[in-house]
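Asker: Would you be able to build a 3D model of this:
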Amino acid sequence: MRNKEVIADIRKLTRQEQREMPYEDFVKMLENLSPEEIMEVSKVYGYPVFIRKCMGTLQHKIPILQDGAAAIIENDKGEILLQSRKDNDKWGLPGGCQEAGERFQEVVIREIKEETNLDVREENLELLDIVSGLSRKNEYSNGDVVINNTALYLIRKYSGDLIWDEESKDMKFFSLDNLPKNQNDPDLIKVYINKKRK
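Answerer: Now for the predicted structure:
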């Protein structure tokens with residue numbers, strides 16, 4: 001089977017089928033691909049999921065560093081947008097993981113579009129901080145342990161209608177004195193609040 005056909009076959013798999021593919025089949029599928037083609041496959045899986053899959057039996061035993069970006073989207077009332085996530089029933093910021101080769105600005109713009117349907121231009125991104133360390137450690141129900149390194153952006157100018165994707169149960173703006181208690185990203189929101197007070 002030619003390499004382009006291998007990649008096309010991977011694209012046809014559901015997320016569940018990609019994740020449940022036996023490790024031996026996964027390795028066999030990749031062994032004749034060039035580094036550029038492997039990068040393309042990593043984008044189909046999503047880079048963090050792809051790296052986990054490459055670890056084989058160690059995939060849930062080794063914490064991995066995971067780079068990404070998140071957004072504080074502020075409306076004209078000074079409220080911030082939070083999404084109620086389906087996977088953990090907590091309120092968090094729009095954002096996600098970096099794909100191989102992506103700039104942080106591209107990550108946050110892509111994730112905002114995917115998760116909220118809002119359009120943001122790069123010149124409207126204000127970098128608040130790069131947040132890292134153990135406050136960014138997350139453990140998932142499948143056993144994954146990650147430590148995120150997150151580029152946090154403030155966005156005050158955006159366009160489009162708010163429509164959320166399948167990752168979210170709800171999405172709405174909150175005033176800073178009425179934030180939900182069950183937050184997914186309290187450390188990121190704290191960075192924003194501290195910067196706002198200065």
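Asker: Where does pLDDT dip in this structure?
Answerer: By pLDDT under 70, the low-scoring segments of the chain are 1.
Asker: how about the helices of it, start to end?
Answerer: 3-12, 15-20, 23-30, 35-45, 47-54, 104-116, 186-197 (DSSP state H).
Asker: Just give me how far the third one sits from the chain centre.
Answerer: On the basis of Cα atoms, centre = their mean, to the nearest Å, the separation between the geometric centre of helix 23-30 and that of its chain is 25 Å.
Asker: same for that helix, what does it pack against?
Answerer: Packed against helix 23-30 by the contact rule (3 or more Cβ pairs under 8 Å, 6 or more residues apart in numbering; DSSP states H and E) you find helix 47-54. C-beta here means a position set from N, CA and C on the backbone, and glycine is covered the same way.
Asker: Residues contacting the helix it packs on, please?
Answerer: If you take Cβ atoms under 8 Å, 6 or more residues apart in numbering as the criterion, helix 47-54 is touched by 18-19, 21, 23, 26, 41-42, 45, 59-60, 64, 66, 97-100, 144, 146.
Asker: now the angle between helix 35-45 and it, please.
Answerer: Using axes from the mean of the first three to the mean of the last three Cα atoms, to 10 degrees, one finds that helix 47-54 and helix 35-45 are set 110 degrees apart in direction.
Asker: one step back: determine which stretch of the helices of the chain is the most buried.
Answerer: Sort the helices of the chain by mean neighbour count, taking mean count of other Cβ atoms under 10 Å, and helix 104-116 sits at the top with a mean of 20.
Asker: and that helix, what does it pack onto?
Answerer: Using 3+ Cβ pairs under 8 Å, 6+ apart as the contact test, the elements touching helix 104-116 are strand 64-73, strand 80-85, strand 95-97, strand 125-131, strand 145-155.
Asker: redo that, cut-off 10 Å
Answerer: Packed against helix 104-116, as judged by 3 or more Cβ pairs under 10 Å, 6 or more residues apart in numbering; DSSP states H and E, are the following elements: strand 64-73, strand 80-85, strand 95-97, strand 125-131, strand 145-155, strand 168-174.
Asker: Buried ones in the shortest one, by neighbour count?
Answerer: Think strand 95-97. Judged by neighbour count using 16 or more other Cβ atoms under 10 Å, the buried positions of strand 95-97 are 95, 96, 97.
Asker: Need the helices and strands packed on helix 104-116 in JSON lines (columns: distance to residue 119).
Answerer: As requested, these are exported to JSON lines (distance: least, Cβ to Cβ, whole Å):
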{"stretch": "strand 64-73", "distance to residue 119": "12"}
{"stretch": "strand 80-85", "distance to residue 119": "14"}
{"stretch": "strand 95-97", "distance to residue 119": "16"}
{"stretch": "strand 125-131", "distance to residue 119": "12"}
{"stretch": "strand 145-155", "distance to residue 119": "11"}
{"stretch": "strand 168-174", "distance to residue 119": "16"}
